[in-house]
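S.K.: The following comprises the amino acid sequence and a computationally predicted model.
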Amino acid sequence: MYSDAKSAVLYNGQISRFFPVYRGVRQGSSLSSKLYLLYINDLLEELSDCRRGILVTDIHISSPVQADDIALISTNCCNMQTMVTICENYSIDWKFKFNPLKSIQLNFSKSKQHTDILLYNSSIQLEISARHVGVLLNSNLNSMDRTLQACRTLRSSALGLIKSGLHPSVISIDTCNRIVRQVCFTKAFFGCELWTEITNTEILLLERAQRYVCKSIQGLPRQTRSDMVTALIGWKSAESYIDERKLLFLGKLILMKDSMLPKQIFLTRAMEFKYNCVKHQLGFIPDIHRILVNYRLSDFDTYLSTGHFPTYIQWKKTVKVAVQETEESLWRFRTQIDKDFKFFSRIHTLSKGLHPAWTFSRKHPLLIEQCRFIVNLCTLTRPYEEPFFLCDKCGRFFGDITIHIVLSCETFQSKRDKFWCDLIDIGPIEFSAYLHSLTDEDFLACILSCHTDFDLNEDERTMFQKACITNIYWMCAT
């Protein structure tokens, strides 16, 4: 792979002559990272042996490294300059060069007095914030810029996918949902396990960004109620998504080998927090303790007391169940105190995941438009309003247009009869009798939810969903 290596430059469709490559590793190669770690290992040992880093109780830390992303940590400028000089000398000995213009200095202290740190006789620039392994660090401990960047990334990446063809009018919402969660959320919330001290304002900004994306991929109006939109697709809040990532990260930390440096630092900080050794402790430990209390998880306290902790698979299952139950409880609380949700909660709830119309569209892509129309109706129907509108077709007063068209307007009687004929053809005659016995509101909730509690087989349920989707669209949209 590295014998007789040659490279060329491609520019504006023109390729240069090939020239030999004597140093460096191939970008993207599976072997490159391992070779680079071997190449840089002596430098890391030299930085550790100089003892110019920081101490967390009795643990010395000087240079956290991820591949070629090297960070140096010290408590004063003199020690920092010593470590930078070590890196400079090592690069000269091994014939490579660090870039002073790409190197950044952060000062995490109340005093912002600038002291030059020199690399190859060039001063390293002092900045307020910088990225390390993809995580934005701010020397003022201000996380608002990071949150705003996450919101912009979530919106822009989702809209980019939609404009490229990932649109509910083209493919099923289930596919849209999976791609957005795996691509956009992973990109926007990268490193959120280390997001601590998130303010309520930042949470609100993240929630708004998520709701915007949720409405966009479903093709729903921006004025649609947020709790309805997220329930129709089965999304939890952005805050719970971050909490879940932090809890899973906690499990990975605990299950690390005791000899690993991150595990040692984690245990030291955890014991300091448990026995109140530090006043006003900040960081991951107090944040994860708050999350554990919110979700009523006691496994971490048990681990600190006894050393016992479940396997990662068991912990992951426990976390997902706890987060889901808490989210459903909060969703029920919010919807019970809002009259607009009295009818919607009979149609669909957060615990049901995707609305059956969206599930139906996955196997019937030609009916995506009709499915989206049904979902939109679910968010608009308000059967508890007083009748104060006059129908210009039948001359009757009504409070909600969906109920009026589907159940009572004489103008649509022929379409309504066709709908009932389709329903009668489904399953045994007892099913038709069951639907006829429902009140108007219960019947409307049943057909808008595309779900019935009556015992039907899989084919009959599919026929029922198709009858509801096509006939309601035929009556209300045409």
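M.R.: In hand now; what should we look at? Residues are numbered from 1 along each chain as shown.
S.K.: which residues sit in contact with the residue positioned nearest the centre of the chain?
M.R.: The geometric centre of the chain, computed from its C-alpha atoms, lies nearest to Phe185 (CA atoms, centre = their mean), at 3.9 Å. Taking CB atoms under 8 Å, 6 or more residues apart in numbering as the contact definition, Phe185 lies against Leu154, Tyr241. For the C-beta atoms, the positions are set from N, CA and C on the backbone; glycine is no exception.
S.K.: Check the one 10 residues further on too.
M.R.: For Trp195, the contact set (CB under 8 Å, 6+ apart) comprises Ser143, Arg146, Ile242.
S.K.: Find me the pLDDT at it, would you?
M.R.: Trp195 is assigned 91 on the pLDDT scale.
S.K.: And Leu354, by the same measure?
M.R.: According to the prediction, Leu354 has pLDDT 87.
S.K.: Next, the nearest residue to it once chain neighbours are set aside: phi, psi?
M.R.: Leaving aside its sequence neighbours, Leu354 sits nearest to Gly234 (CB to CB, 6 or more residues apart in numbering; 5.4 Å). Torsion angles at Gly234 (phi, psi; degrees, to the nearest 10) stand at phi 80, psi 20.
S.K.: my read is the residue nearest to the centre of the chain is in a helix, agree?
M.R.: Yes: counting by DSSP: H, G, I helix; E, B strand; the rest coil, Phe185 is located in a helix.
S.K.: and it, how far is that from Asp392?
M.R.: Per CB to CB, to the nearest Å, Phe185 is found 46 Å from Asp392.
S.K.: for Leu43, same thing?
M.R.: For Leu43, the distance to Asp392 under the criterion CB to CB works out to 81 Å.
S.K.: Between these two, point out the one with more neighbours.
M.R.: Applying other CB atoms under 10 Å to Leu43 and Asp392 shows that Leu43 carries more neighbours, namely 19 against 7.
S.K.: Touching, that one and Ile86? I think so.
M.R.: Yes: with contact defined as CB atoms under 8 Å, Leu43 and Ile86 form a contacting pair (7.4 Å).
S.K.: Tell me which stretches of the stretch 101-250 of the chain form strands.
M.R.: Taking DSSP state E, counting those that start in this stretch as the test, the strands found in the stretch 101-250 of the chain are 104-106, 118-119, 122-123, 125-127, 129-132, 135-138.
S.K.: And the strands in the stretch 251-400 of the chain?
M.R.: Along the stretch 251-400 of the chain, counting by DSSP E, counting those that start in this stretch, strands occupy 389-390, 397-398.
S.K.: Could you chop the chain up by domain?
M.R.: 32-138, 143-354, 381-476 (automatic domain parsing).
S.K.: Quote the end-to-end distance of stretch 297-316.
M.R.: Counting by CA to CA, to the nearest Å, the length from the leading to the trailing residue of stretch 297-316 is 12 Å.
S.K.: Now find how far off-centre it is within its chain.
M.R.: For stretch 297-316, the distance between its averaged C-alpha position and the chain's averaged C-alpha position is 25 Å (CA atoms, centre = their mean, to the nearest Å).
S.K.: Quick check: mean pLDDT of that stretch?
M.R.: Stretch 297-316 comes out with an average pLDDT of 88.
S.K.: in that stretch, what counts as buried?
M.R.: By 16 or more other CB atoms under 10 Å, the buried positions in stretch 297-316 come out as Leu297, Asp299, Phe300, Tyr303, Phe309, Pro310, Trp315, Lys316.
S.K.: Might you report the residue contacts of the first one?
M.R.: Under the criterion of CB under 8 Å, 6+ apart, the neighbours of Leu297 are Leu247, Thr318, Val319, Ala322.
S.K.: I'd like to know which of the residues you listed are part of helices.
M.R.: Using DSSP state H, the subset of the contacts of Leu297 located in helices is Leu247, Thr318, Val319, Ala322.
S.K.: Identify the spatial nearest neighbour of the third one, chain neighbours not counted.
M.R.: If you skip the residues right next to it in sequence, Val319 has Leu247 as its closest partner in space, 4.5 Å away by CB to CB, 6+ apart.
S.K.: what about the one you found, how many residues close to it?
M.R.: 24.
S.K.: pLDDT score assigned to it?
M.R.: Turning to Leu247, the model gives it a pLDDT of 94.
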